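Engineer: Compute the structure for the input listed below.
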Amino acid sequence: GVTACMAPLFDDVTTTESDRVMQWRLSRRGYRSFTPEQYEAQCENQRFDVIACFNVLDRCDAPLKLLRRLRSQLVPGGTLLLAVVFPFRPFVENGTRRDTPQELIIVTGKTMEENINSFVADTLVPN
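Structural biologist: As a prediction, the model looks like this:
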């Protein structure tokens, strides 16, 4: 997976995974792995040189809060690697239901390029 491909580039790898089976697998492969709840409790003050967040924002209940958290946990000059699915159609899996996230990221435009420009300008660039 992506973690295995990226891990050789770093001295230490910490992962978060909401799926308990995947979290267990990551731990078995030697990665420090937490559920989001465990991470909140144990890693609040930790800082990272690089944070990778791939295909999470469209399935997150509070994506803006998550982005603020990721930014706060980067060391000065750190790098956030972000992958976002476009077209952006967010929902939160709740058993067999698909619920609307509590926080909404608004993405405008008709083309992928317009979607990406909107996402960057309206969500990522600090006001």
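
Engineer: Look up the closest residue to the residue sitting nearest the centre point of the chain, ignoring the ones flanking it.
Structural biologist: Centroid-nearest residue in the chain: Cys53, 3.4 Å away (criterion: C-alpha atoms, centre = their mean). With sequence-adjacent residues excluded and distances taken as C-beta to C-beta, 6 or more residues apart in numbering, Cys53 is closest to Leu82, at 5.4 Å. Every residue, glycine included, has its C-beta placed from N, CA and C.

Engineer: Name the residues of whichever strand or helix holds that neighbour that are buried.
Structural biologist: Using DSSP states H and E, Leu82 falls within strand 74-83. Going by neighbour count (16 or more other C-beta atoms under 10 Å), the buried part of strand 74-83 is Leu82.

Engineer: What lies in contact with that strand?
Structural biologist: Applying C-beta atoms under 8 Å, 6 or more residues apart in numbering, the set of residues contacting strand 74-83 from outside is 47-55, 57, 70-71, 124.

Engineer: what's downstream of it, the next helix or strand?
Structural biologist: Later in the chain than strand 74-83, the nearest helix or strand by DSSP H and E is strand 92-94.

Engineer: average model confidence for that following strand?
Structural biologist: When pLDDT is averaged along strand 92-94, the result is 89.

Engineer: Please name every helix or strand in contact with the helix or strand following that strand.
Structural biologist: Proceeding N to C from strand 92-94, the next assigned helix or strand is strand 97-99, under DSSP H and E. On a contact count with 3 or more C-beta pairs under 8 Å, 6 or more residues apart in numbering; DSSP states H and E, strand 97-99 meets strand 92-94.

Engineer: Can you list the buried residues in the strand it packs on?
Structural biologist: Of all the residues in strand 92-94, those buried under the rule 16+ other C-beta under 10 Å are Val92.

Engineer: what's around the nearest residue to Asp122 once chain neighbours are set aside, how many residues?
Structural biologist: Closest residue in space to Asp122, ignoring its immediate chain neighbours: Ile106 at 6.5 Å, by C-beta to C-beta, 6+ apart. By other C-beta atoms under 10 Å, 9 other residues sit near Ile106.
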